[in-house]
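**Student:** Quick check, what structure comes out for this input:
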Amino acid sequence: MSETLKVEKTSIEGPLLITPPTNFQDFRGSYVELYNEEIFKAAGIDVEFVQDDISTSSKHVLRGIHGDRNTWKLVSCLYGSFYLVVADCNEGSSQYHQWEAFTLSDTNRLQVLIPPGFGNGHLVLSDSAIFHYKQSTYYDRASQFTYAWNSPELNLWWPVKNPIVSQRDEGI
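**Tutor:** Take a look at the predicted model:
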């Protein structure tokens, strides 16, 4: 058990890869502390979260790429595993449209902190998965931007060629 947060910079400036402060298993199962305001602030992450959301999906469902200009998101995988893509969608940024991918799962317990102006999408790798994120603003569909999952602007790599997507995520 640890009470310190492991925070790592990623290949694009802004998003952070986080190992939760407490994560252990024993004969009873496992215990994970996904968020502790004091510990996050001590690690330099001073974001006030106001809303938690969960989505459940089955294998090969792809959600995203979505984002907005105001919201921080702390993403975790509660069950299963998914491939998470984070892309810089800040026009004028020196890394505009650059992206990085992460595999989050209920075994590695990694989290990704996504800043405002970055889009994110995830593809479920396991039979099913539970995607959890904390938000620093209340959900506002009207303020969101969306890129198609196969947008030539982003040129993302996905582990499957024909994911299951909504009309919104197809770019229709």
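**Student:** for the chain, what spans make up the strands?
**Tutor:** 6-9, 16-19, 22-26, 29-33, 51-58, 62-67, 73-79, 81-88, 99-105, 111-114, 118-124, 128-135, 145-146 (DSSP state E).
**Student:** what about the nearest residue to residue 150 once chain neighbours are set aside, distance to residue 44?
**Tutor:** If the residues on either side of it in the chain are set aside, residue 150 comes closest to residue 156, at 7.3 Å by CB to CB, 6 or more residues apart in numbering. C-beta: built from backbone N, CA, C; applies to glycine. As judged by CB to CB, to the nearest Å, residue 156 and residue 44 stand 29 Å apart.
**Student:** got it, and residue 101?
**Tutor:** 24 Å.
**Student:** Those two: who's more crowded?
**Tutor:** Comparing residue 101 with residue 44 by other CB atoms under 10 Å, the one with more neighbours is residue 101, at 18 against 9.
**Student:** ok, that one - contacts?
**Tutor:** Counting by CB atoms under 8 Å, 6 or more residues apart in numbering, residue 101 touches 83-86, 156-157.
**Student:** Taking the chain centroid, which residue in the protein is the extreme one?
**Tutor:** Within the chain, residue 27 marks the point farthest from the mean C-alpha position, 29.8 Å out by CA atoms, centre = their mean.
**Student:** For that one, report the pLDDT, please.
**Tutor:** As predicted, residue 27 sits at a pLDDT of 93.
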